[in-house]
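Peer 1: Sequence and predicted model, in that order:
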Amino acid sequence: MDLTLQGALDERRQQHLYRQRSNLNSRCAATVMVDGKSQHNFCSNDYLGLAGHPDIAKALQQGADEYGTGSGASHLISGHSQAHEQLEQELAEFTGRPRALLFSTGYMANMGVISALLGRRDLVLQDRLNHASLLDGGLLSRADLQRYKHANTDDLAARLRASNAERKLVVTDGVFSMDGDLPPLEAMATVTNQHQGWLMVDDAHGFGVLGKNGGGLIEALDLSIDQVPILVGTLGKAFGTFGAFVAGSEALIETLIQFSRSYIYTTALPPAVAVASSASLKILQAESWRREKLVSLVSRFRLGAEQIGLDLMDSQTPIQPVQINNDQRVMEINQQLRAKGFMVGAIRPPTVPKGSGRLRICLSATHTEQQIDQLLEALESVGA
Ligand SMILES: *Cc1c(COP(=O)(O)O)cnc(C)c1O
C-alpha cells in the first residue's frame, strides 16, 4: 500500500502542491507564535478577533463546569442540552427566521442539508466557485449536479428554465471564500422563485462581518425568507467558536431533524461550546466597532496595495486575495513572507482552478493600521 501512496505523494510534491501544517503555540490572534517564532497572522477566519476573547473563554469554562466536556450522544438520543436549545433560539432571532438548527460543523451542515432535500430526480445548481462542502453535498444527494458560471444570473436562469426536475435547489456561497466577492443574491432569488426553485445561501464568511448587526449578507441586502428559504452559517469563523447552523422555516428544520444524516448520526457539539457561542453572539451584535474597524482596514489595505501595484480581486470584504497566477511562485512568495514574519494563505489548486494561485490575505478587526502597512511593505519587498 505505502508504495502506491508514496507515488501519488511524490507527484503532488513535484507539482508544488504539497501541503504542510504549522504548529501554533498560542491562541488565534493578530500575532501568533508559530513553531516558536512570532508571526503576524493574516490567514485566519477570525474576522472579529473573537477566537481569543477572554469573556467567551470564560463562558466556555462556565459551560464546562455546568455540562462537563462532552454531550455524550447525538441530538436525537440524549445529546441535546438546554444550552443547544437556547443557542438555536438566539440564532433564529438573529437571522430573523422561525427556527435554527445546530450542526457540528459547516461541512456537515452542507452535506446534510443538500442530501436531505434532494434525491435522484432532482436538480442542484451550484456556482462554479462554491465551497467544497457544498459540492460534496450535491454529489452525495445523487441529484443532477450542474455548476453555473460564477455569480452569473443569466446562466443560472437558463439552466433553471431547461430543467423539469421535481425539486430545483440553487446553492451559493454568501461571501466567496477564496475570492471575497459576493453573488447577486437579489436577482438570483427572483429567477429562482420564477422557476419554483429554492435558494440556499452559505454565508460562512458573511455572518458577523456584514450587515449592521453582523447578520451577514442577508441582513445587508434585507433578504426575506421567501427570497432565501435556506440559510447556513458557521460558528468557527467570525464567531470565534465552533459549529454551524441552518436557519429557515419550521418545515425545513423538522425535515432536517428527520432526514439529515449528518445531523442524526453524529455526536452533538459539547454544550459548553454552545454556551460560548451564545456569549460570542452577544458580543458580535453589540460591538459594531469591530465591523467598522474592519471596513477601514480593508480600505487602507486596498489603497496601499493599489499604490504598489498588487493584483487585487474585486472584493470589499476582509478576504483580500492577491493574484500571483503562477502556482509555484505562490509557494516561494509565501515562504519569503513567512521568513519576514507574515503568515498569509497560499492558495493553489485544487482549491482554486489551475494557474489561478493566489495569496489569500484575511484581515481582522484586531489588526493594527501599522500591521497593515508593514504587510504591504513586505509584499512589495518580495515582489508580489
Ligand atoms: C469554512 C466553510 C465551511 C465549513 O465550515 P466548518 O464549520 O469549518 O466545517 C462551509 N462553507 C464555507 C463557504 C466555508 O468557508
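Peer 2: That came through, no problem.

Peer 1: after the helix or strand harbouring residue 285, next one along is what?
Peer 2: Using DSSP states H and E, residue 285 sits in helix 271-286. Counting by DSSP H and E, the element after helix 271-286 in chain order, helix or strand, is helix 289-307.

Peer 1: Name the residues of that next one that are buried.
Peer 2: Residues 290-291, 293-295, 297-298, 300-301, 304-305 are the ones in helix 289-307 that count as buried (16 or more other Cβ atoms under 10 Å). For the C-beta atoms, the positions are set from N, CA and C on the backbone; glycine is no exception.

Peer 1: got the phi/psi numbers for the residue in the stretch 101-250 of the chain that the ligand sits nearest to?
Peer 2: The nearest approach of the stretch 101-250 of the chain to the ligand comes at residue 106, 2.2 Å away (Cβ to the nearest ligand atom). Torsion angles at residue 106 (phi, psi; degrees, to the nearest 10) stand at phi -70, psi -40.

Peer 1: Would you map the strands across the stretch 151-300 of the chain?
Peer 2: 168-173, 198-202, 230-234, 244-248 (DSSP state E, counting those that start in this stretch).

Peer 1: how distant is the longest one from the center of its chain?
Peer 2: Relative to its parent chain, strand 168-173 has a centroid offset of 16 Å by Cα atoms, centre = their mean, to the nearest Å.

Peer 1: Close to the ligand: what parts of the stretch 1-150 of the chain are there?
Peer 2: Residues of the stretch 1-150 of the chain lying close to the ligand (Cβ under 6 Å from any ligand atom) are 105-107, 110, 131, 133.

Peer 1: Which of those are buried? Put it as a ChimeraX command.
Peer 2: Under the burial definition 16+ other Cβ under 10 Å, those of these that qualify are selected in ChimeraX by:
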select :105,106,107,110,131,133
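
Peer 1: Tell me the spatial nearest neighbour of the residue in the stretch 251-384 of the chain that the ligand sits nearest to, not counting adjacent residues.
Peer 2: Residue nearest to the ligand within the stretch 251-384 of the chain: residue 319 (9.5 Å; Cβ to the nearest ligand atom). In space, residue 319 comes closest to residue 180 once its chain neighbours are excluded; the distance is 3.3 Å by Cβ to Cβ, 6 or more residues apart in numbering.

Peer 1: Tell me which residues touch the one you found, please.
Peer 2: Shown in contact with residue 180 (Cβ atoms under 8 Å, 6 or more residues apart in numbering): 205, 313, 315-321.

Peer 1: out of those, which are buried?
Peer 2: 205, 313, 315, 317-321.

Peer 1: Just flag the most distant two among these.
Peer 2: 205 and 313 (14.1 Å; Cβ to Cβ).

Peer 1: about what we covered before: the residue of the stretch 101-250 of the chain closest to the ligand contacts residue 236, doesn't it?
Peer 2: Yes: at 7.1 Å, residue 106 counts as touching residue 236 under the criterion of Cβ atoms under 8 Å.
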